[in-house]
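In: Fold the stuff below for me.
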Amino acid sequence: MAALPLLVFSLTTLAEITGQTVLNSETVGRTPAPERDVPRVARADALVSLAGGLFGTSLMVTSAENIGIGRLTGVRSRFVTAGAGVLLIVLGLATPVSRALAGIPEAVVGGSALVVYAVIAVMGVEMLRRADLSGTGTGNLTAALALTAGLLPLLSPELYAGFPPWARTILGSGVVAGTLTAVLLTALLGRFGAGGRRPARPEPRARE
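Out: Numbering: from 1, shown residues only. Coordinates of the predicted model:
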């Protein structure tokens, strides 16, 4: 039972990887190819997560913050990413420097994070704009309910306080709750809603 929430998080991560891979491709000026790139990113994340587990670290997943920073700075070189990794390793070994960085005021860190997350939100709106949300289709309903489910844990943290622990683990995460809502509604409304009804074929006219 303890593994079930982790499996749900893994499926949610796959959905998150898809959107972030597309956005990252567009940020660096590359034509998105989800069918080719998304499986590669997922396998890379899985391998790094397995290796990280041997050292007691957290799971490795794609980071939307990096995409937002790439969009802001316009830096597209992978050598910058490798250099940042080396810098983090050096800082981790240099205790005085790490303490100095830990002394940065929270307002400074929060202000920079606010700008980055705002850029990520705009990028998400750009992706959502490509979906067909017009007319009387089910896309607008799916998007609205998924957004609501994703915001509920943030707007009302105690909403799921009376639920079992495994349910709080899943529903308490806005990303997981929103993704599950979108997936389930897409499947249900696509099958039983207006979008799932196929138009009737016109009857052939009788020959004169």
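
In: what about this structure, any weak spots by pLDDT?
Out: For the chain, residues meeting the criterion pLDDT under 70 lie at 1, 60-62, 134-137, 191-208.

In: Provide the contact partners of the host helix or strand of L6 at residue level.
Out: Assigned by DSSP states H and E, L6 belongs to helix 3-27. Helix 3-27 has contacts (C-beta atoms under 8 Å, 6 or more residues apart in numbering) with 31-34, 37-38, 41-42, 45, 61-64, 67, 70-71, 76, 123-124, 127, 166, 169-170, 173, 175-176, 179-180, 182-183. Placement of C-beta: from N, CA and C, glycine included.

In: What residues sit buried inside the very next helix or strand once past it?
Out: Proceeding N to C from helix 3-27, the next assigned helix or strand is helix 34-54, under DSSP H and E. Within helix 34-54, the residues that qualify as buried are 37-38, 41-42, 45, 49, counting by 16 or more other C-beta atoms under 10 Å.

In: what about dumping the CA coordinates of helix 34-54 to PDB?
Out: The C-alpha trace of helix 34-54 is given here as PDB (Å, rounded to 0.1, in the frame of the first residue of the first chain):
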ATOM      1  CA  PRO A  34       7.500  14.400 -27.900                       C
ATOM      2  CA  GLU A  35       7.400  10.800 -29.300                       C
ATOM      3  CA  ARG A  36      11.200  10.800 -29.500                       C
ATOM      4  CA  ASP A  37      12.300  13.100 -26.700                       C
ATOM      5  CA  VAL A  38       9.900  12.300 -23.900                       C
ATOM      6  CA  PRO A  39      10.800   8.600 -23.600                       C
ATOM      7  CA  ARG A  40      14.500   9.600 -23.500                       C
ATOM      8  CA  VAL A  41      13.900  12.100 -20.800                       C
ATOM      9  CA  ALA A  42      11.800   9.600 -18.700                       C
ATOM     10  CA  ARG A  43      14.500   6.900 -19.000                       C
ATOM     11  CA  ALA A  44      17.200   9.400 -18.000                       C
ATOM     12  CA  ASP A  45      15.200  10.500 -15.000                       C
ATOM     13  CA  ALA A  46      14.600   6.900 -14.000                       C
ATOM     14  CA  LEU A  47      18.300   6.000 -14.200                       C
ATOM     15  CA  VAL A  48      19.400   9.000 -12.200                       C
ATOM     16  CA  SER A  49      16.700   8.400  -9.600                       C
ATOM     17  CA  LEU A  50      17.900   4.800  -9.200                       C
ATOM     18  CA  ALA A  51      21.500   6.000  -8.800                       C
ATOM     19  CA  GLY A  52      20.400   8.700  -6.400                       C
ATOM     20  CA  GLY A  53      18.600   6.100  -4.300                       C
ATOM     21  CA  LEU A  54      22.000   4.400  -3.600                       C
END
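
In: just checking, what packs against that helix?
Out: Counting contacts by 3 or more C-beta pairs under 8 Å, 6 or more residues apart in numbering; DSSP states H and E, helix 34-54 packs against helix 3-27.

In: Can you get me the centre-to-centre distance for the helix it packs on and its chain?
Out: 5 Å (C-alpha atoms, centre = their mean, to the nearest Å).

In: Sitting in helices, which of the contacts of helix 3-27 do you find?
Out: Among those, the ones falling in helices (DSSP state H) are 34, 37-38, 41-42, 45, 64, 67, 70-71, 123-124, 127, 166, 169-170, 175-176, 179-180, 182-183.
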